[in-house]
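[1] can't give you the sequence, but here's the structure:
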């Protein structure tokens with residue numbers, strides 16, 4: 001049986017152990033005011049496996065590799081990506097000079 005958390009209009013919060021099929025309570029267990037509403041909390045979901053990007057759940061020491069997916073081959077100097085358009089512009093200017 002799950003534990004549900006409810007909040008009354010006066011701000012009291014209480015927990016209730018009840019089966020899923022039972023109806024929601026109508027009044028607060030603390031003060032008797034109603035109607036009460038069920039409190040929902042977001043659930044932390046982490047997708048792990050080979051089908052997900054490693055940059056989705058960052059690690060403090062790694063840089064984001066934003067340029068390698070656009071170029072296909074990644075950056076040639078091994079700086080971890082980023083600034084791909086600026087490097088192409090620099091190469092183009094150097095070739096023209």
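    Sure thing, it's come through. Because the structure is a prediction, the values reported are computed rather than measured.
[2] any chance you could map the helices in the chain?
    Per DSSP state H, the chain carries helices over the ranges 68-71, 84-96.
[3] out of those, which gets the lowest mean score?
    Lowest mean pLDDT of those: helix 68-71, a mean of 52.
[4] may I see the buried residues of stretch 16-28?
    Buried positions in stretch 16-28, judged by neighbour count with 16 or more other Cβ atoms under 10 Å: 16, 25, 28. To be clear about C-beta, it is placed using only N, CA and C from the backbone, and glycine gets the same treatment.
[5] want to throw those residues into JSON lines with distance to residue 1?
    Shown next, in JSON lines, are the buried residues of stretch 16-28 (distance: Cβ to Cβ, whole Å):
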{"residue": "16", "distance to residue 1": "10"}
{"residue": "25", "distance to residue 1": "15"}
{"residue": "28", "distance to residue 1": "21"}
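[6] what about those residues, which are in strands?
    Within these, residues falling in strands by DSSP state E are residue 16.
[7] for residue 14, give the beta-bridge partners.
    residue 6 (DSSP bridges).
[8] contacts only, for it.
    Residues in contact with residue 14 (Cβ atoms under 8 Å, 6 or more residues apart in numbering) are 5-6, 8, 28-30.
[9] what is the nearest of those to residue 49?
    residue 5 (32.2 Å; Cβ to Cβ).
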